[in-house]
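Trainee: predicted structure and sequence below. I'll ask about it afterward.
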Amino acid sequence: QVQLVESGGGLVQAGGSLRLSCAASGRTFSTYNMGWFRQAPGKEREFVAAISWSGGSTSYADSVKGRFTISREKFKNTMSLQMNSLKPEDTAVYYCAAGSRGGLTASPGLYDYWGQGTQVTVSS
């Protein structure tokens, strides 16, 4: 059974940092691009960042560029999102995803596997 499990969410003050992790099991994701998405209450799921299967290419939403860093340890089937200078508007449930189509896509529909999400709350 394929599973993606996020961890590392929590409550942090504005300006603080959090590091999210995503652990994959059930198959190898070494040939899959992986991404982070987030969804705030009453809003659609939005793209945050993506990383290629090799780890050599990354893509970020403009809203997090310069503050968030995505990385992966391919042979450990793990992916991370380092979030710095957090803002209240970053508050959301964060999901990791894995996909083999569309390259470093921001389209949720092109990702094949999803985690259950982890809550990130940034207080002002």
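Mentor: Perfect, I can see it now.

Trainee: tell me where the model's unsure across the protein.
Mentor: Counting by pLDDT under 70, the chain has low-confidence residues at 1.

Trainee: report the contact partners of the residue nearest the centre of it.
Mentor: Nearest to the geometric centre of the chain sits residue 36, at 2.2 Å (Cα atoms, centre = their mean). The contact partners of residue 36, taken as Cβ atoms under 8 Å, 6 or more residues apart in numbering, are 20, 22, 48-50, 70, 79, 81, 94-97. In short, each C-beta sits where N, CA and C put it, glycine included.

Trainee: give me phi/psi at it?
Mentor: With angles defined as degrees, to the nearest 10, residue 36 sits at phi -120, psi 140.

Trainee: that one bridge partners, please.
Mentor: Beta-bridge pairing of residue 36 under DSSP bridges involves residue 49, residue 96.

Trainee: I'd like the numbering to begin with 892 instead of 1 from here.
Mentor: Understood, numbering begins at 892; the last thing we discussed is residue 927.

Trainee: how about residue 966: what's its closest non-neighbour residue?
Mentor: residue 921 (7.1 Å; Cβ to Cβ, 6 or more residues apart in numbering).

Trainee: neighbours around the one you found, how many?
Mentor: For residue 921, the neighbour count with other Cβ atoms under 10 Å is 13.

Trainee: isn't it up against residue 943?
Mentor: No. Contact criterion Cβ atoms under 8 Å: residue 921 and residue 943 do not qualify, at 11.2 Å.

Trainee: give the contact list for residue 938.
Mentor: Under the criterion of Cβ under 8 Å, 6+ apart, the neighbours of residue 938 are 926, 928, 952, 997-999.

Trainee: and it, how far is that from residue 973?
Mentor: 17 Å (Cβ to Cβ, to the nearest Å).

Trainee: and for residue 964?
Mentor: For residue 964 relative to residue 973 (Cβ to Cβ), the value is 13 Å.

Trainee: between those two, who's got more neighbours?
Mentor: residue 973 (14 against 11).
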